[in-house]
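Asks: predicted coordinates and the sequence they were generated for:
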Amino acid sequence: MATIQQILDQKGSNVWSIDPDDSVYNAITELMKKNTGALVVLEDEKLVGIISERDYTRHVILKGRTSLETPVRDIMSSRVVCARPEQSAVECLALMTAKKVRHLPVLEKKKLIGFVSIGDLVKSVLGEQNIPIEQSEG
C-alpha cells in the first residue's frame, strides 16, 4: 500500500501557493495556470489556509463579490485538514471523505513538504489494484 511520501516521490512535491492578502482574482488566475483545483495559502512560509475553486464559487460569485477586490483571506478555508508522509493513500482517502475535502497539504514536523489531491490518491490505489485507468469518451 503506497504511502503519501511514495506518491510525492512519484508526482513531485511542487506546492502552488498564494498569500492571504492577494486578490481572489490572482488566486483564480494561478489555479488556471497551474491546472489545479486548490492552492495552499502561506503567510511568512506558514500554512494558514487553502483556497479552492469551490471557495470561489460559494463565497465570491454567489455572494455578489468581485474577485479583484476580495482578498484570499476573506474566502479561504482556515481549518486545513493535512496529511503526514507516512500515511497510506487509503487512509487519506478515508480522511478526505470524512472531512469532505479534495486536497491535502502534506506536513512533516509542521513543515509543508507537498500537496496531494483526491485524484492523486485514487490513481495510486487503482494502480495498486492493477485496474487500468482508461480515457473514455461518451
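Replies: Alright, I've got the coordinates. Residues are numbered from 1 along each chain as shown.
Asks: please enumerate the strands of the protein.
Replies: Secondary structure of the chain, counting by DSSP state E: strands at 17-18, 38-43, 46-52, 103-108, 111-117.
Asks: contact partners of the shortest one?
Replies: Which is strand 17-18. 26-27, 30, 39-42, 51, 72 (C-beta atoms under 8 Å, 6 or more residues apart in numbering). Where C-beta positions appear, they are placed from N, C-alpha and C, glycine not excepted.
Asks: please identify the pairing partners of it and their relative orientation?
Replies: Looking at strand 17-18 with DSSP bridges, its partner strands are strand 38-43 (parallel).
Asks: show residues contacting the strand it pairs with.
Replies: Defining contact as C-beta under 8 Å, 6+ apart, one finds that strand 38-43 is touched by 15-20, 27, 30-31, 47-53, 72-73, 76, 80, 102-103, 105, 112, 115, 117.
Asks: among those residues, name the buried ones.
Replies: Listed as buried from the contacts of strand 38-43 are 15, 17-20, 27, 30-31, 47-52, 72-73, 76, 80, 102-103, 105, 112, 115, 117; burial here means 16 or more other C-beta atoms under 10 Å.
Asks: quick check: Ser13 touching Val116?
Replies: No: counting by C-beta atoms under 8 Å, Ser13 sits too far from Val116 to count as a contact (9.9 Å).
Asks: these two: which is more packed in?
Replies: Neighbours of Ser13 and Val116, each counted by other C-beta atoms under 10 Å, are more numerous for Val116; the result is 22 against 15.
Asks: could you measure from that one over to Leu68?
Replies: Counting by C-beta to C-beta, to the nearest Å, the separation of Val116 from Leu68 is 31 Å.
Asks: repeat that for Leu95.
Replies: Counting by C-beta to C-beta, the separation of Leu95 from Leu68 is 35 Å.
Asks: in terms of neighbours, single out the busier of the two.
Replies: Leu95 (16 against 9).
Asks: quick one, what contacts the nearest residue to the more buried one once chain neighbours are set aside?
Replies: Nearest non-adjacent residue to Leu95, counting by C-beta to C-beta, 6 or more residues apart in numbering: Val81, 6.6 Å away. Counting by C-beta under 8 Å, 6+ apart, Val81 makes contact with 95-96, 99, 101, 104.
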